[in-house]
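> using only what follows, build the 3D model:
(one chain, ligands or ions: 1)
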Amino acid sequence: MIIPGAETQAFAAALAEAADERLGRVEYERFPDGEHVVRVPEAVAGERAVVVASTVDSDAHVQLLQLQDAAREAGASEVVTVIPYMGYARQDEAFQGGEPVSSRAIARAVSTGTDRVITVTPHEPAVCDFFTVPASSADAAEVLAAPLPADLDDPLFLSPDEGAIDLATTVRDAYGEGETDFFEKDRNYDSGEITITPGDAPIEGRDVVLADDIIATGSTMSESVAVLNDRDARRVFVTCVHPMLASGALTKLSAAGVEAVYGTDTLERVASEVSAAPVVAEKL
Ligand code: R5P
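Got it, this is the predicted structure:
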């Protein structure tokens with residue numbers, strides 16, 4: 001039975017369909033002091049329980065732990081935890097003295113309530129090593145090609161930094177044609193300022209598909225779009241696996257004149273155009 005977190009209901013429904021599993025009903029409530037309580041009213045004894053929750057904020061983290069526990073308490077034979085978007089995954093090292101490795105702390109907590117974990121396109125696949133139960137990641141980049149128009153002109157699939165070049169290449173391969181390249185990105189962690197240095201590929205007159213794992217504040221993508229506009233790209237499409245789109249990111253990108261901004265349903269957003277559920281279903 002698929003057991004959804006409150007923030008991940010659409011993905012869970014898509015996963016239930018893709019994996020041909022029963023979609024369980026969950027009641028989400030709060031006690032008068034604000035603490036969460038969840039209930040899984042349907043019987044799951046002797047059955048595999050698949051808890052599906054993007055840990056999009058601290059509340060979602062708590063609910064995920066509660067759902068795991070509810071499934072165990074109800075006698076599930078196995079608890080699998082699917083985290084379509086893993087919060088804190090980008091804090092995979094202590095960036096300054098005195099900081100925690102947050103993704104490790106979260107992974108350890110999640111591991112206590114499950115037999116195995118599946119994440120989707122984490123910022124660094126090595127984050128799976130932080131779990132103390134078997135953990136793997138499904139790569140959803142391939143589904144990002146589907147919404148692109150069939151008539152892209154001399155397309156360039158571009159990642160805004162070198163770390164995402166494999167992702168851009170996967171999107172290109174799924175699309176079927178085009179060149180790939182990456183920009184160099186430098187982020188000043190004090191000011192938040194991002195500097196983008198273009199790569200070698202010509203831009204003028206071409207359709208460009210920018211691809212990354214996540215759009216958070218949109219700064220990385222909007223700086224990249226500015227470079228592409230300066231170099232007279234024909235059309236710019238902006239895509240990512242996790243459309244977090246915080247801090248007015250969508251407005252920032254729309255104002256920059258991009259053709260489209262879209263991502264998958266690992267996060268439920270207006271830009272969640274395609275489902276990553278089928279690639280996760282293959283790993284269940
Ligand atoms: C970092 O390297 C990631 O791949 C993304 O490029 C980054 O997290 C996006 O963040 P933002 O949208 O805030 O620039």
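
> can you list the domain ranges for this protein.
According to automatic domain parsing, the chain comprises the domains 2-139, 142-265.

> find the centremost residue of this structure, please.
residue 242 (3.2 Å; Cα atoms, centre = their mean).

> and the gap between the nearest residue to that one once chain neighbours are set aside and residue 116?
Nearest residue to residue 242, sequence neighbours excluded (Cβ to Cβ, 6 or more residues apart in numbering): residue 214, at 4.1 Å. For every residue, glycine as well, the C-beta is placed using N, CA and C. According to Cβ to Cβ, to the nearest Å, residue 214 stands 24 Å off from residue 116.

> how about residue 47?
Distance of residue 47 to residue 116, given as Cβ to Cβ: 16 Å.

> before we move on, back to that, of the domains of the chain, which is nearest the ligand?
domain 142-265 (3.3 Å; Cβ to the nearest ligand atom).

> can you give me the end-to-end distance of the closest one?
Start to finish, the residues bounding domain 142-265 are 14 Å apart (Cα to Cα, to the nearest Å).

> per-residue confidence for residue 120?
Per-residue confidence (pLDDT) for residue 120: 98.

> which strand residues bridge residue 179?
Bridge pairing for residue 179 (DSSP bridges) gives the partners residue 156.

> does it touch residue 168 like I think?
No - under the criterion of Cβ atoms under 8 Å, residue 179 is not in contact with residue 168, lying 10.1 Å apart.

> dump the residue contacts of residue 9.
Applying Cβ atoms under 8 Å, 6 or more residues apart in numbering to residue 9 gives the contacts residue 268.

> the helix or strand hosting residue 81: which residues count as buried?
Element membership for residue 81 (DSSP states H and E) is strand 78-83. By neighbour count on 16 or more other Cβ atoms under 10 Å, the buried set for strand 78-83 is 79, 80, 81, 82, 83.

> name the nearest residue to the fourth one, ignoring sequence neighbours.
The spatially closest residue to residue 82, leaving aside those adjacent along the chain, is residue 52, at 4.5 Å (Cβ to Cβ, 6+ apart).

> please look at that neighbour and residue 8 and confirm they touch.
Yes - applying Cβ under 8 Å as the test, residue 52 and residue 8 come out as touching, 5.5 Å apart.

> need the residues touching each of these two.
residue 84.

> what does the protein put close to the ligand?
90, 123, 160-161, 163-164, 212-220 (Cβ under 6 Å from any ligand atom).

> okay, strands next: where are they in the stretch 151-284 of the chain?
Ranges of strands in the stretch 151-284 of the chain, per DSSP state E, counting those that start in this stretch, are 156-159, 179-182, 184-187, 194-197, 207-214, 235-242, 260-264, 272-274.
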